[in-house]
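*Asks:* Take this sequence and fold it.
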Amino acid sequence: MAAVAGATFTVVTSEMLPVGLLTPIGGTLGVSEGAAGLTLTVTGVVGAVAAPLLTAALGRLDRRLVLCALMAVLAAGNLLAAWSPHFAVLVVARVLVGAGMGGVWAVAAHLAVRLVPGRSVGPATSLVFGGIAVASVLGVPAGTYLGEAAGWRSAFAAGAALSLVVLAALAVLLPRLPAGPRVGLGGVVRVGARPAVATGLGVVVLLVTGHFAAYTYVRPAVERLFAADASVIGTLLLVYGVAGVVGNFAAGAGASRSPRGVLVVVSLVLAATVCLVPLTGGSVVTAGVLLAVWGLAYGGVSVAAQTWLLTAAGEAREAVSALFAGVFNGAIAVGAFVGGLVADGAGVRAVMYLGAALAAGALAVAALGRAPGGDRL
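*Replies:* The predicted structure follows:
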């Protein structure tokens, strides 16, 4: 399970690296911050498409071998990003990262059920998604620090090296993982049409789109609204990430009892906090407090949403995990893209208000929509 958590940590770190590096990437390659944000959009779009398509195409392949191959693709994408002399090459590199990331997420998200006893599935699922939260704590801030110290290219090179280390760990530590019943693309779509699954996916779309519309541009927002200089950006992202890890494990404990209740609380706190970013402004300390609360809330999204969807899907775990990975990464892409349009057209304040409004929409869907089993507020 630690090796699988290492894989989720690595794919999310690789996906999110541009968040803390938008300004230097744009400066080196001669594009705006909004255009640089497309490196996140491209990765999300490819990940969204790759997750369900790969799940349908993998057939009877051993999932351990699949994970290792996908980590190799991720390493190649990061290496190409580190070398890229032009923005177009960087975009191609991010396509490779998206393919590796979407596939790893779809396969890894449901492995806890296969690797641990039933009583340990909840904590093990939190551990897998803890890899995502820890990516915010260590991966993105470390990439930001490394980018400041040695240039943004070094951050992508480090991502490639980490991908290879995790590939080796998966190859050595995982048992053979024969595929379950074959799931065609039509079967994936049918699972998504179940009312409780569709509601959970709707909450994911709104929450993740809103979060990434705002979070992708958190660096320019903090620089302009809170007068933070480049030297403290990594520290602020670290504060956000530490809070995200706490939120992940706290939500994992609560989601095993009521995923609806956790997602309602998360949506409410996110809507309020993101809205306060442009309203308060002020000191770097204020920014740190807001980012801590933001991270605490968003840290619970992945594990609570996955718990909701696995409960609603029954035996169709791989199909719903592929849907979850696809929808989640599609929402990242849409959020980063729309956020870039708003940031370039109306400024970073407007991006924060957009994120808050979408989180409020997620609150309504989570509270009023169909939940799995007898989960009630």
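*Asks:* Return the helix or strand encompassing Val293 as PDB; C-alpha atoms alone will do.
*Replies:* Element membership for Val293, per DSSP states H and E: helix 284-298. Output of helix 284-298 as PDB, limited to C-alpha atoms (Å, rounded to 0.1, in the frame of the first residue of the first chain):
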ATOM      1  CA  VAL A 284       1.300  37.100   4.400                       C
ATOM      2  CA  VAL A 285       0.100  35.800   7.800                       C
ATOM      3  CA  THR A 286      -3.500  36.200   6.700                       C
ATOM      4  CA  ALA A 287      -2.700  34.400   3.400                       C
ATOM      5  CA  GLY A 288      -1.200  31.600   5.400                       C
ATOM      6  CA  VAL A 289      -4.300  31.200   7.600                       C
ATOM      7  CA  LEU A 290      -6.700  31.200   4.600                       C
ATOM      8  CA  LEU A 291      -4.500  28.700   2.700                       C
ATOM      9  CA  ALA A 292      -4.400  26.400   5.800                       C
ATOM     10  CA  VAL A 293      -8.200  26.300   6.000                       C
ATOM     11  CA  TRP A 294      -8.400  25.900   2.200                       C
ATOM     12  CA  GLY A 295      -6.000  22.900   2.400                       C
ATOM     13  CA  LEU A 296      -7.800  21.300   5.400                       C
ATOM     14  CA  ALA A 297     -11.100  21.400   3.500                       C
ATOM     15  CA  TYR A 298      -9.800  20.300   0.000                       C
END
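*Asks:* Give me the helices and strands touching whatever helix or strand comes next after it, please.
*Replies:* In the C-terminal direction, the helix or strand that comes right after helix 284-298 (DSSP H and E) is helix 301-313. Using 3 or more CB pairs under 8 Å, 6 or more residues apart in numbering; DSSP states H and E, the elements in contact with helix 301-313 are helix 121-134, helix 195-215, helix 230-255, helix 259-280, helix 317-346. Where C-beta positions appear, they are placed from N, C-alpha and C, glycine not excepted.
*Asks:* circling back: tell me the mean pLDDT for the helix holding Val293?
*Replies:* With pLDDT averaged residue by residue, helix 284-298 scores 90.
*Asks:* With stretch 102-114 instead?
*Replies:* The model assigns stretch 102-114 a mean pLDDT of 76.
*Asks:* and that stretch, how far apart are its ends?
*Replies:* Stretch 102-114 has its terminal residues 20 Å apart, counting by CA to CA, to the nearest Å.
*Asks:* Repeat that for stretch 99-116.
*Replies:* Start-to-end, stretch 99-116 (CA to CA) is 28 Å.
*Asks:* can you pull the buried residues of it?
*Replies:* By 16 or more other CB atoms under 10 Å, the buried positions in stretch 99-116 come out as 99-112, 115-116.
*Asks:* Could you pick out which of the residues you listed are located in helices?
*Replies:* 99-108, 112, 115 (DSSP state H).
*Asks:* Turn these into JSON lines, including distance to Pro24.
*Replies:* Shown next, in JSON lines, are those (distance: CB to CB, whole Å):
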{"residue": "Ala99", "distance to Pro24": "25"}
{"residue": "Gly100", "distance to Pro24": "24"}
{"residue": "Met101", "distance to Pro24": "22"}
{"residue": "Gly102", "distance to Pro24": "26"}
{"residue": "Gly103", "distance to Pro24": "29"}
{"residue": "Val104", "distance to Pro24": "27"}
{"residue": "Trp105", "distance to Pro24": "27"}
{"residue": "Ala106", "distance to Pro24": "32"}
{"residue": "Val107", "distance to Pro24": "33"}
{"residue": "Ala108", "distance to Pro24": "31"}
{"residue": "Ala112", "distance to Pro24": "38"}
{"residue": "Leu115", "distance to Pro24": "40"}
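*Asks:* Is Pro175 in a helix, a strand, or coil?
*Replies:* coil (DSSP: H, G, I helix; E, B strand; the rest coil).
*Asks:* which residues does it contact?
*Replies:* Pro175 makes contact with 64, 115 under the criterion CB atoms under 8 Å, 6 or more residues apart in numbering.
*Asks:* Next: Arg349.
*Replies:* Arg349 neighbours (CB under 8 Å, 6+ apart): 221, 225, 278.
*Asks:* cool, and Thr28?
*Replies:* By CB under 8 Å, 6+ apart, the neighbours of Thr28 are Trp152.
*Asks:* Assign Pro372 to helix, strand or coil.
*Replies:* Under three-state DSSP, Pro372 comes out as coil.
*Asks:* Distance-wise, check it relative to Trp308.
*Replies:* As judged by CB to CB, to the nearest Å, Pro372 and Trp308 stand 6 Å apart.
*Asks:* Show me what the host helix or strand of Ala35 packs onto, helices and strands only.
*Replies:* Assessed by DSSP H and E, Ala35 sits inside helix 33-36. In terms of contacts (3+ CB pairs under 8 Å, 6+ apart), helix 33-36 is packed against helix 22-29, helix 317-346.
*Asks:* Tell me which of those helices sits nearest to Gly147.
*Replies:* helix 22-29 (6.0 Å; CB to CB).
*Asks:* ok, and for that closest one, which residues are buried?
*Replies:* Buried-residue list, helix 22-29, by 16+ other CB under 10 Å: 22-26, 28-29.
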